[in-house]
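Novice: no sequence for this one, just the structure:
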Ligand SMILES: Nc1ncnc2c1ncn2[C@@H]1O[C@H](COP(=O)(O)OP(=O)(O)O)[C@@H](O)[C@H]1O
Ligand SMILES: [Mg+2]
């Protein structure tokens, strides 16, 4: 079955094109449903039975280490690669028979991929020329989109005359000029320096709000994923490990991989003593008892408990439930102190405490006591 | 003058030492050699051409004699047609190399590049075999009932165009392929993601971006074709005389001093003007397949709102685009199949002649016919037992070794000088060093002839080897300079910091790094001399036959299977060399 995605409601309707102002446009984003998608290169599965449902207008980020299959999944969606098994539905329709250029998605590449033989304006006008829109409509939309990206002054420049950040903004303009129902971005910011990256992150979020398309964004940078996404899909070795909102991913990671890939983490091996619903009482190998929360599905006696460094507290004297430790190193990072302590068991824990008046950096080797609250520990499945 | 300050005495001594260790000095040997054997004879040639009374008398005669003037026009027409045909067929072939993967890619690339290293004489001979009355094409056509009886397919304009296109095609394919590899693959994806079908992506993005490569290939082919001599002589009829052929003919029937030179000067000037114009447009790097440094960004005019549109863009929009939209209803697979079919056809055109010749070399028949009625090694026995052939073989081997030695010692030092010195006008120096690549060999041969007479070098090993080195040096310079540019300077600096003397640094760091490049340079310089025919025609004596000379004589006299034996041996030599040189070649292809 061939679905003609070129006929997009809203896309060809000039009234649906927002002006320069951030008027929220909702309803043009497509729902995407990836079902049991498999992509193999030889015997190696780059996408290994992936299922993911994305709501219309949602901003979803694929996050994972390099080689985890993020680009593969995005390329499957864009149509550069064909599924070996499973299916991908866009607005409920399978798209595997639709060729790339008829899918009507917007796409931004890490290398910008601006056509070097065309001016900025011609680059942005490219999708409309391909769609056969008339000159007047095309010119108007190019103008609007360049204005939105604050690129109007650069319209007649060649891509090679612009900085990396400007080029990527042109690429973004090109990807949204048709107001596509789905915008795909593959590590669009990883070639830029940090400050530029942060400002364009905000810009992309704003565009998302303005045009209301469904965004699928790929990054290996966890902080980028945390700040930008409605939901994050964490990938590893061709599989999606967890899909959740950024705070859920950070606070309640499903397993060790997610816990250590996102943010810094202390992982404590412990044995379950008592279980009351999601609240557990546990004991460390050195015999210290503490409490932590868990998903209900946690089974078995021996588990790993995640405690984020900023949830740990350091005391000069022993407190109820605290564990004695020795300071290994202490660094002043500005807004926080980063202190590494070693427990008697030999486990090393990382502590981050906010910089407060009167606080002094503890000397390496000094005796301290570490503690955390019942709601600060999270039992990994 | 006794009271000269001490440091004034010291200063010149230090600067002399510094000057002596300047890498730019490494350019001197090659320059001296080329000045003597290349530049000076060409200047002499030009001077002789204007010795008439008035000075332009001989030049004017070239243009006022219909025979020569018509031939000049014909030569330009043929060269232009061949360049167009090469572009037309070369593009799909280059695309095919780029689109295939793995073993297929290696096979396709080898099939296209291998013929490039096989002597033009041999490839032309293969086409004579293929097109001959007893050749496979006639056989197949008669068998299929297309012809009633074998036709004379040789000695006409079509055969010349076909042969020259086949011979020059690899240059075009390499030029286009190298520009294809420089296009960011993401651009094609970007075009497709933005709604461009495969055809539109090609027309709007890939073609415009590779146009410089097409242009460079076009000009290289055109310039080479202008001076072509071997192929039109062997495949053409009386009505297909190309300009270079007049020069050799006139040289045989010694006419008035000056006129011959005038003919050569006309050919040279046309060639140089073409190259100069092309160099202005594309950068002179196109001659040696280099890439132009990124052009300085043009100052942006923010106020200027009219889109910049060149002529080509306008043509593309008004003519090409509507056409494309008409055929855009075609399945996307058509594009892929066009590339495969056309590319496959090109590969076949390049490979089949060579394969046919190799098969014929094992023929039992005493005349050329395909397929051979029976197989034997009798022609191999004949080749190895015939003292004429063997003498020629040893002569060629000796000359080629000597020439490779000269080319590599002069070329490699010059490459070192050009890469490592801080001289200004590096590209001008490079241009001078590689310029022998574009001077028509016929012109070079003629200019060298009087020099060789004067110094009694005609028909000597040294003389021929030196003459062949004129073309060998550019090959070496290009390869070794590329290899040197790939050497990590920090490694050398690291070695120096840890106490290695410059010579030790060169021996322990630089030399191993460029060794593969040097090896390839030796091989290709050897091959250049081993295959050289045109200069040798001018500069050898009846007692001094080289293998190409023997081949040439036999081809003109009678087509026999011994020629196929020599061709097969040459193919084996080239294949062997390429297998040895492959690491370098693949690095060069992938690294830029
Ligand atoms: N064309 C290909 N052929 C073979 N293996 C591939 C190909 N493309 C990607 N891979 C492999 O698939 C895995 C996932 O790659 P990719 O999707 O690019 O990862 P990511 O974008 O997360 O870094 C990697 O191990 C990569 O080596
Ligand atoms: Mg990737």
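Specialist: That came in fine, so what should we check first? All values derive from a computational prediction rather than experimental measurement. Numbering: from 1, shown residues only, chains lettered A, B, ... in the order given. Ligands and ions are numbered 1, 2, ... in the order given.
Novice: and the residue in chain B that ligand 1 sits nearest to, how many residues sit next to it?
Specialist: Across chain B, the shortest distance to ligand 1 (CB to the nearest ligand atom) belongs to residue B:101, at 9.2 Å. In this view, the C-beta of every residue, glycine as well, is placed from N, C-alpha and C. Residues within reach of residue B:101, counting by other CB atoms under 10 Å in any protein chain shown, total 8.
Novice: all strands for the stretch 151-300 of chain A, in order.
Specialist: A:182-186, A:214-219, A:231-236, A:239-244, A:266-276, A:279-284, A:289-294 (DSSP state E, counting those that start in this stretch).
Novice: Turn these into a markdown table, columns for mean neighbour count, distance to chain B and mean pLDDT.
Specialist: Listed next are the strands of the stretch 151-300 of chain A as a markdown table, based on neighbours: other CB atoms under 10 Å in any protein chain shown; distance: least, CB to the nearest CB, whole Å; pLDDT from 0 to 100:
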| stretch | mean neighbour count | distance to chain B | mean pLDDT |
| --- | --- | --- | --- |
| strand A:182-186 | 24 | 8 | 95 |
| strand A:214-219 | 26 | 13 | 96 |
| strand A:231-236 | 24 | 21 | 96 |
| strand A:239-244 | 19 | 23 | 95 |
| strand A:266-276 | 16 | 39 | 88 |
| strand A:279-284 | 18 | 49 | 86 |
| strand A:289-294 | 20 | 43 | 85 |
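Novice: could you dump those strands to CSV with distance to ligand 1?
Specialist: Formatted as CSV, the strands of the stretch 151-300 of chain A follow (distance: least, CB to the nearest ligand atom, whole Å):
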stretch, distance to ligand 1
strand A:182-186, 7
strand A:214-219, 7
strand A:231-236, 7
strand A:239-244, 11
strand A:266-276, 24
strand A:279-284, 35
strand A:289-294, 30
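Novice: To residue B:563, which of these lies closest?
Specialist: Closest of the strands of the stretch 151-300 of chain A to residue B:563 is strand A:182-186, at 57.5 Å (criterion: CB to CB).
Novice: Adjacent strands (with direction) for that closest one?
Specialist: strand A:106-108 (parallel), strand A:214-219 (parallel) (DSSP bridges).
Novice: got JSON lines for those strands, with distance to residue B:126 too?
Specialist: Converted to JSON lines, those look like this (distance: least, CB to CB, whole Å):
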{"stretch": "strand A:106-108", "distance to residue B:126": "49"}
{"stretch": "strand A:214-219", "distance to residue B:126": "53"}
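Novice: now for those strands, which one comes closest to residue A:94?
Specialist: strand A:214-219 (16.9 Å).
Novice: tell me the angle of that closest one relative to strand A:231-236?
Specialist: Here the directions of strand A:214-219 and strand A:231-236 differ by 40 degrees (axes from the mean of the first three to the mean of the last three CA atoms, to 10 degrees).
Novice: And strand A:214-219, how far out from the chain middle?
Specialist: Mean-position distance between strand A:214-219 and its chain equals 8 Å (CA atoms, centre = their mean, to the nearest Å).
Novice: Pull the residues that contact that strand.
Specialist: Contact with strand A:214-219 is made by A:29-32, A:54-63, A:70-71, A:74, A:77, A:181-190, A:204, A:208, A:225, A:228-229, as judged by CB atoms under 8 Å, 6 or more residues apart in numbering or on different chains.
Novice: contacting residues around residue B:218?
Specialist: Contacts for residue B:218 (CB under 8 Å, 6+ apart) come out as B:83, B:84, B:86, B:87, B:172.
Novice: so after the helix or strand hosting it, what's the next helix or strand?
Specialist: In this assignment (DSSP states H and E), residue B:218 forms part of helix B:207-226. Where DSSP H and E defines the elements, the next helix or strand beyond helix B:207-226 is helix B:230-235.
Novice: Going by neighbour count, which residues of the very next helix or strand once past that following helix are buried?
Specialist: Using DSSP H and E, the helix or strand that follows helix B:230-235 in sequence is helix B:243-252. Buried residues in helix B:243-252, counted by 16 or more other CB atoms under 10 Å in any protein chain shown: B:243, B:244, B:245, B:246, B:247, B:248, B:250, B:251.
Novice: Relative to residue B:566, which of the strands of the stretch 151-300 of chain A is closest?
Specialist: With CB to CB, the closest approach to residue B:566 among the strands of the stretch 151-300 of chain A belongs to strand A:182-186: 55.8 Å.
Novice: what's in contact with the closest one?
Specialist: A:29-30, A:32, A:70-71, A:74, A:77-78, A:90, A:105-110, A:172, A:175-176, A:204, A:208, A:213-218, B:193.
Novice: centroid residue for chain A?
Specialist: Chain A has residue A:225 as the residue nearest its centroid, 2.8 Å off, counting by CA atoms, centre = their mean.
Novice: Isn't that one up against residue A:63?
Specialist: Yes: counting by CB atoms under 8 Å, residue A:63 is a contact partner of residue A:225 at 4.2 Å.
Novice: which residues are common contacts for those two?
Specialist: A:219, A:232, A:262.
Novice: surely residue B:240 meets residue B:158?
Specialist: No: contact criterion CB under 8 Å: residue B:240 and residue B:158 do not qualify, at 9.6 Å.
Novice: ok, these two, which is more surrounded?
Specialist: The residue with more neighbours, out of residue B:240 and residue B:158, is residue B:240; 21 against 14, by other CB under 10 Å.
Novice: Pull the contacting residues for that one.
Specialist: Contact partners of residue B:240, counting by CB under 8 Å, 6+ apart, are B:74, B:78, B:156, B:157, B:160, B:232.
Novice: surely the last one meets residue B:243?
Specialist: No: taking contacts as CB under 8 Å, residue B:232 lies outside contact range of residue B:243: 9.7 Å.
Novice: related to what we said a few turns ago, please report how far the residue of chain B closest to ligand 1 lies from chain A.
Specialist: With distances taken as CB to the nearest CB, to the nearest Å, residue B:101 is found 12 Å from chain A.
Novice: Please point out which parts of stretch B:395-414 sit buried.
Specialist: Buried residues in stretch B:395-414, counted by 16+ other CB under 10 Å: B:395-396, B:399-414.
Novice: Tell me how many other residues surround the closest residue to residue B:166 other than its chain neighbours.
Specialist: Nearest residue to residue B:166 in three dimensions, chain neighbours excluded: residue B:349, at 5.7 Å (CB to CB, 6 or more residues apart in numbering or on different chains). Close neighbours of residue B:349, defined as other CB under 10 Å, add up to 20.
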